[in-house]
Structures are given as C-alpha cells and as structure tokens.
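In: sequence first, then the predicted structure:
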Amino acid sequence: MKKYVHKGISLVLVMTMSAWCLAGCESSYTEKKNFGKKEAAEATVSVNRMEALLNSKIGDGVDTEKKETVFVEMNADGTVAKTTVSNVLKVSDKDNISDVSDLDNIKNLKGDEKFTFDNGKLIWENRGEDISYQGTTSKETPVKINVSYYLDGEETAPEQMAGKSGTVKIVYDYMNNSASEGGFVPFIALTGIVLSDNFTNVKVENGKVIDYDDSSIVIGYGAPGFKDSLTAKASKAGELMKDIDIPESFTITADVKDFEMNMALTIATSEIGDMNLEEALDFSDIEGKMAELTDGTNQLEKGAGDLQNGAGELKSGSIKINDGAKDIAKYTADLYLGTTKLLGSYETFNKALINGVQSADKGAQKLYKGTQNVKSASKQLDSGAKSLNSGAKELNSAAAKINEGAGSLSTGLKTAQAAFEDVKDSNGNVKSQGLNNGAKALVQGAKAANAGVKELAGTLQGTPDSIHAQMNDVIKQVGSATGGAISSKNALNQTVEGINAAVNNGMELSAVLQAKGLNTKVYYQLVQAYYSVQTLENVKAAFETQIAGKEAEMKALLEGMTALENGTSSLNTGIGTLYAGIKTLNTGAGTLVSGTGQMAEGTKNLSGGAKSLSDGTGKLKAGADTLNDGMKSLTDGTREMNKKLGKASPQVKAGIRTVDSGAGKISEGAKTLAKGTGTLGSGIANLFDGTKTLKNGVIKLNKDGISKIADIFGNDTKDVIDAVEEILNNGKSYQSFSGINENMTGSVKFVFKTAEIKADK
C-alpha cells in the first residue's frame, strides 16, 4: 500500500521539477575543477561552458532526427534583440533530406551541401554527413523572460545599476505563451549567472548558489504556467495543489560594490514528460487497495487497544511483584536489625555473665577455704567435747570458749545461708534474688538463649526450602492458567523468551501468541510469573550462599551455646549442694549453741551436757564435712563453668557476628531487589503510557491520515491524472520551433543570452 501512497503523491509531480532541474548542479560543476586554475577561471565566463553546464541538466535530444536550438539574444531587461535558430539534420540513408523551416537567411554551417527552398520546404543534398544549418526569425518564442533590478529596495533601470553599491535584488520572471498558439506546452527554464567577487552574502529564492574561487555561480529555475494550466483542466487539481508552490520566477539578493554583471544564459525545454505515465500513475486497483489500507488500520487500531489492555495487566502484575520485593526487603531488614540487637545484647549479657561467674568462682574458693577451716574447727570441737567428758576441771573454761565459738559459728552460718536465699520486703515480694534461685534463673536463661540460637539457625536453613515452595506455587499457577501446557520452570522460560525473541525480530505479538495457542492475558501472566521465578531464584541463591559460607561459624555457635547451657547446669548443681551443706551445718550450729548453753549452766548436768555437747560436735563435724564437700563441688563447678564459658563466649559472639553480617548482606540484596523491581515497574508503567500513545496515534492516523488519503483517491483523481498526462504529452509532442517534416522526430531547446552590464572605468 505504501507504493500507492507514493503514486498518489506523484499527482503533484511538478514538485519534483525543482529537484530535477538542480540535481547534481554542484557535483557537475565541481567536475570542472579538474581543469587547470587558469582554465577554470575562464570557464566561469565562458558562454559555451555555461551552456554545457545547463544542458547537462535537461538533455539535448541526441536520439532525434532533427535537433533544433533557438538562440535568443536579449537586452539586460529581457527584451529580445535577435533570434537565431540552429538545426542539425541526421542522415540515415542515401536519399536527399526533406525538411520544413520558416527561417530566413538560411546557411550551411559545416559542409557545402546545397538546398532548394519551396513554400517552406527544404530539400538538402545528401553526401552522407549530418546537415548543420542556421537561420534567423522574428517570431516570438513560446517562452519569454523579463528581468527586473532593484537597488536598496527601489526598482532601477539596468543601465543605471552599473557602478552602484548597496543591496541589490534581481528578479527573473518566466512567461509561457504557448497557449496562444494552441495547446499549452509545459516548459522548464534554467538560468545560470556568474557573479564576480563584487557580490557578497548572495542568496537565491527558487535556485542554488555554488561558490567557486572568488566567484559565485547562481542557478535559478521556473515552470511558468504549469499550475494554472493543470488547474484549468481539472478542478480537483486546485485542491490537491493549493499548498504547492511551482515557481515561475527566481530572485537573487546580495550586497554589491561597484555593480557589474556578466551575461546570463537561460535554457528552456519542454522535454519533461519522458516517463511511463501509464505505469507510474496506475490507479486501476486503487479502490481495492484503499479498502485494504482502511481495514488494516482498523485492525491496527484494535490491536493497539489489545496491547494497551495487556500492558495494563502487566503493569498491575508488576505492582504486585514490587510489593512482594518490598516485603522481602522489609522482613530481611527486620532480620538484620534483630541480629544486630542480638549481637549488642549478647555482648552486654556475656560481659555480665563472665564477671558474675568469675566473682562466683572467687567467692566459692574463699567459701571452700572457710569450710576447710570450719571442718578443722569442728574436729577440734569434737575432740574437745570428748576431752570434756574426761575432765570436769577444764569444763568451765572450755565451755565458755565453746559457747563463744558456737555463737560466732552460728551467726556466720546464718549469714552464709542468707546469701543463698531471696531477700523479701514486708509484703513478701522478692527485693533481690539469692545465689540459689539466681543460679536456677541463669540455667533457664542459658537454655532459652541456646533454644533461640537453634531456632534462628533452623529458620535460616529452612528459608531456601520456603522460597522453593513459593516458586512451585508460581509454576502451579502457570500450569492452571495454561491448562497444563506449561508446568515447569524450563517450559515457562523457553515460552516467554521465545515470544520476546520473535517480537524483537519484528513479528507481531498477536501472531506469535496465536501460533503458540495463547492470548494476551495469559502472555502477561506468563511474563509476571517469569520475573517472579527469577526473583525468587536470586533470593534463594543468596540465602544458600550465605548459609554454605557460614556453616562452620554456625556450628561453632551451636556448640558454644550448648557448652554454656551445660556449664550453667553444673554451676546450679554445685550451688544447690553448697546450700544444702550450709543448711545442715546451720542446724548443727544451733544444736551446738544449745549444748554449750546447757554446759554453761552448771556442772550438775555435766555428763548429760558433755554427752549433748559430744552429740552436737559430732553433728557439727558431719555438717562441716558436708559443707566442705558442697564447697568443693561448687568450686569445681565455677572453675569448669569459667573455663568453658571463656572458650565458648568468643565462639558464640563470633557466630552471632557472622549471622549479623550475613543478615546485613541479605538485607542489602533485598533492598537491591526491591529497587530493581521498582525500576521494572517504572519501565512497565512507561510501556503502558507508550501503548496509550500508540493507540491514540493509530486512531489519529486512521482519522486524519488514512481517511483523508481515501478521500483523495476518489473518482475525481482520474481527471487529474488525465490532465497531467495531457500536459506532459504536449511537451513531448512539441518538437520544433521553426518547422519539422511530419515524418521526422525532433527536439527543440531555447537558449536565452541576457546582455552583460558593465561600469565605466
């Protein structure tokens, strides 16, 4: 259909006349630069060279039997001074040459062949050579030229222009008088002028300026009367050509100093119809083609609407993808924030824990030394009690010392027991926690921390499986949307990438989808699923890389937390044992105090008191042994806990720091993903806007373009074609100015020479 539009435009083929007249002017003249500089300078003022330059643009009828050149010498204003006609007759056989001419003063230019003249008929001798002859005429040529001159805006006679300076304007008006002698004959006129370096800032309307050395060559053109003749023959032509300017004159403007002007040459010819009009302007099937064009644009308009709807669905899907990516970024950011807080909290917790365990270890060692002293003292008390039974004399002194020691011992043991028990206020609320319950709380805290780390490790290790499950859900949705035709990730990738590749190679999307048994809606669901699966795969790969790279650190973290939990359990056991020993010892001390009191009352009951004392010291000794064993367990537990905690703590801290670093990288990756999906969403939004613009453009094309073209190719177009064909055929039929034998073919051109204007020196 595109070629038919071009053919329609050819209805106003006169637009091409200007391009045809000037085509290659510059390149043709440039070829003359190959002459020497002196010869080139001479060529700029040579009539023959200028004529050759102009002839090269319009041809010279070399294949005709009679070639006619009409030379018109004009004054500077275009008035005719003399008209001379030169003819060349081509010899093709041995018979005399019969010619027709209305010229005067005929003479042979090259040979000595004779001719006879009778009532306008010329009979030339034939000696085997072409005949070149010349004559004169006073007949008006069908083309006339009027030249006007202006100096600083005022029209000025040519002779008054010489030697003047200022802004000049020179106007060449072409006139076609052929209609007065019969049918209108179209003529193209080309004028060439060489301007000296007196002219600067040269501009041409309906022509071209070619700079050469210090001169400017001006080529102007016109097609006088063509538009008016065509409009008169076909009224439709006026509408088609109302905005087309077919020049009938050309104008030169320039700044000049000491005005002088060389002669100008103008060549005119009617040979502008050498084309196959029947083929070039064939509109036999134009109605059918215009119907196809209209149907095609209607389908294009519908397809643009479908594309816009599909782009809208794709835009909606991209919003969901973007929202999901934002959620991933948010949750990974929360994970990173949590691991960062865990790291900070653990550092505080670890510092307090190590300090507490070290203090407990030191205190336990001191208590252990104290219980050793108590154990030694209880042995001495027990020995003294036995000795008391042996000697009553020493009883008073020993009883006083024992009573005093027993009181101090009882007070110290009560203080030690209180350290293990909670301190409560008057309402029974715990103000501060004792060592016994503190150890239990420490055990629970270590268990909770260990469980939390295990849960975090399990969550991280299970994340790839969770993402994989989401990918399977997307594939299931694709399978459902395609009726099971696409049920795997590879099938999805191949389908979407295949469709995109076909579209990038120039295929229509609707055609590709139809070939694959898909529609636009399913296609955009596939595109959404395609990018969703790629996104989930990237996130899954990032998690797997982090987990694989930090497996050793995670293992060390879990082992350290287990060691911490075991150490706190041992510490709790030791503290429990110690507390039980102190309670037993405290009971024995109470019995001891009671016994020494009885002993102090008198010697009457010495035997019973001594026995009671002996019993008390025995219990005291047993309690001291228990206390000593408990303190040993306590010191062993605190020492072991301090040792294990010292080893485990850096591992735990390093593990948490590794998790925190990994969570940070995942968070950054999720942010990048969210940013990328945002960019994708922006691009799809631009696509959606573009499809809207496309749809509107197609509607405008159909309304303002195709419909109007269809209107142009109506019934009246044939009339315009016929008129153009008739005018151009008139140009082809015009073969002679001075006459031609009806059996001959001929060509004719007119060469007008405008006189130069010279300033007095």
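Out: Done, it's in. Numbering: from 1, shown residues only.
In: just the strands in the stretch 351-500 of the chain please.
Out: 423-424, 430-432 (DSSP state E, counting those that start in this stretch).
In: what segments of the stretch 351-500 of the chain are helices?
Out: 395-420, 435-481, 489-504 (DSSP state H, counting those that start in this stretch).
In: kindly report the same for the stretch 1-150 of the chain.
Out: 2-9, 15-22, 25-31, 37-43, 47-58.
In: flag every buried residue along stretch 729-749.
Out: 730-732, 734-741, 744, 746-749 (16 or more other CB atoms under 10 Å). Bear in mind the C-beta positions are built from the backbone N, C-alpha and C, glycine included.
In: and Gly207, which of the helices of the stretch 351-500 of the chain is closest to it?
Out: Closest to Gly207 of the helices of the stretch 351-500 of the chain is helix 489-504 (CB to CB; 47.4 Å).
In: in the next helix or strand after that closest one, which residues are buried?
Out: Toward the C-terminal end, the helix or strand that comes next after helix 489-504 (DSSP states H and E) is helix 509-515. Buried residues in helix 509-515, counted by 16+ other CB under 10 Å: Leu509, Ser510, Val512, Leu513.
In: pretty sure the third one contacts Ala502?
Out: The one in question is Val512. Yes - in this structure, Val512 is within contact of Ala502 by CB atoms under 8 Å, at 4.6 Å.
In: including pLDDT and distance to Leu578, could the buried residues of helix 509-515 go into CSV?
Out: Putting the buried residues of helix 509-515 into CSV (pLDDT from 0 to 100; distance: CB to CB, whole Å) gives the following:
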residue, pLDDT, distance to Leu578
Leu509, 85, 83
Ser510, 84, 87
Val512, 83, 83
Leu513, 85, 82
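In: out of the residues you listed, what pair is the most spread apart?
Out: So, the buried residues of helix 509-515 by CB to CB: farthest apart are Ser510 and Val512, at 7.4 Å.
In: what number of residues lie near Leu109?
Out: 11 (other CB atoms under 10 Å).
In: that one against Val88, yeah?
Out: No - under the criterion of CB under 8 Å, Leu109 makes no contact with Val88, lying 9.0 Å away.
In: what is in contact with these two at once?
Out: Residues within reach of Leu109 and of Val88 at once, by CB atoms under 8 Å, 6 or more residues apart in numbering, are Ser132.
In: for the stretch 51-200 of the chain, which segments count as strands?
Out: Going by DSSP E, counting those that start in this stretch, the stretch 51-200 of the chain shows strands at 66-74, 80-89, 97-100, 104-108, 115-118, 121-124, 131-136, 143-151, 154-155, 166-176, 188-195, 199-205.
In: which of those strands sits closest to Lys227?
Out: Judged by CB to CB, the one of the strands of the stretch 51-200 of the chain that comes nearest to Lys227 is strand 166-176, at 10.9 Å.
In: how big is the angle separating the closest one from strand 143-151?
Out: If you take axes from the mean of the first three to the mean of the last three CA atoms, to 10 degrees, strand 166-176 sits at 160 degrees to strand 143-151.
In: report the buried residues of strand 166-176.
Out: By neighbour count on 16+ other CB under 10 Å, the buried set for strand 166-176 is Val168, Lys169, Ile170, Val171, Tyr172, Asp173, Tyr174, Met175, Asn176.
In: report how many residues lie close to Lys121.
Out: 14.
In: now swap in the one 5 residues further on and tell me
Out: Other residues lying near Asn126 total 16 when counted by other CB under 10 Å.
In: find the nearest non-adjacent residue to it, please.
Out: Asn96 (5.2 Å; CB to CB, 6 or more residues apart in numbering).
In: quick one: contacts for that neighbour?
Out: Here Asn96 is in contact with Ile123, Trp124, Glu125, Asn126 (CB under 8 Å, 6+ apart).
In: so which of those is the most crowded?
Out: Highest neighbour count within these, by other CB under 10 Å: Trp124, with 19 neighbours.
In: Asp130 is in contact with that one, correct?
Out: No - distance between Trp124 and Asp130: 10.3 Å, which falls outside the contact criterion (CB under 8 Å).
In: what is in contact with the two at once?
Out: Leu89.
In: wait, which of the buried residues of stretch 729-749 is closest to Lys621?
Out: Among those, and counting by CB to CB, the member closest to Lys621 is Gly731, at 147.7 Å.
In: and the closest one, what pLDDT?
Out: pLDDT, Gly731: 69.
In: and Asn119, by the same measure?
Out: Listed pLDDT for Asn119 reads 78.
In: for Asn437, see how far away Ser426 is.
Out: Separation of Ser426 from Asn437 (CB to CB, to the nearest Å): 20 Å.
In: who has more neighbours out of these two?
Out: Counted by other CB under 10 Å, Ser426 and Asn437 do not tie: Asn437 has more neighbours, with 15 against 5.
In: what's the separation between the more buried one and Asn642?
Out: Distance, Asn437 to Asn642, using CB to CB: 21 Å.
In: kindly report the same for Gln525.
Out: 63 Å.
In: where does this protein have its least confident helix or strand?
Out: In the chain, no helix or strand scores lower on mean pLDDT, DSSP states H and E than helix 2-9, which sits at a mean of 36.
In: how close does the closest residue in space to Met261 that isn't next to it in sequence get to Arg127?
Out: In space, and not counting its chain neighbours, Met261 is closest to Ile757: 4.4 Å by CB to CB, 6+ apart. Distance check for Ile757 against Arg127: by CB to CB, it reads 45 Å.
In: out of the two, which sits in the busier spot?
Out: Legend: neighbour count by other CB under 10 Å for Ile757 and Arg127, higher for Ile757 (18 against 11).
In: mind checking pLDDT for the more buried one?
Out: Per the predicted model, pLDDT is 93 at Ile757.
In: ok, now which ones touch the residue nearest to Ile475 when sequence neighbours are not counted?
Out: Closest residue to Ile475 apart from its sequence neighbours, by CB to CB, 6+ apart: Lys489 at 6.0 Å. Residues near Lys489 by CB under 8 Å, 6+ apart: Met471, Ile475, Val533.
In: 10 Å instead?
Out: Neighbouring residues of Lys489 by CB atoms under 10 Å, 6 or more residues apart in numbering: Met471, Asn472, Val474, Ile475, Val478, Ala529, Tyr530, Val533, Gln534, Glu537.
In: so the first one sits against Tyr530, correct?
Out: Which is Met471. No - using CB atoms under 10 Å, Met471 makes no contact with Tyr530, being 11.7 Å away.
In: in what helix or strand does the nearest residue to Gly445 once chain neighbours are set aside lie?
Out: Using CB to CB, 6+ apart and skipping the chain neighbours, the partner closest in space to Gly445 is Thr568 (7.7 Å). If you go by DSSP H and E, Thr568 is part of helix 551-601.
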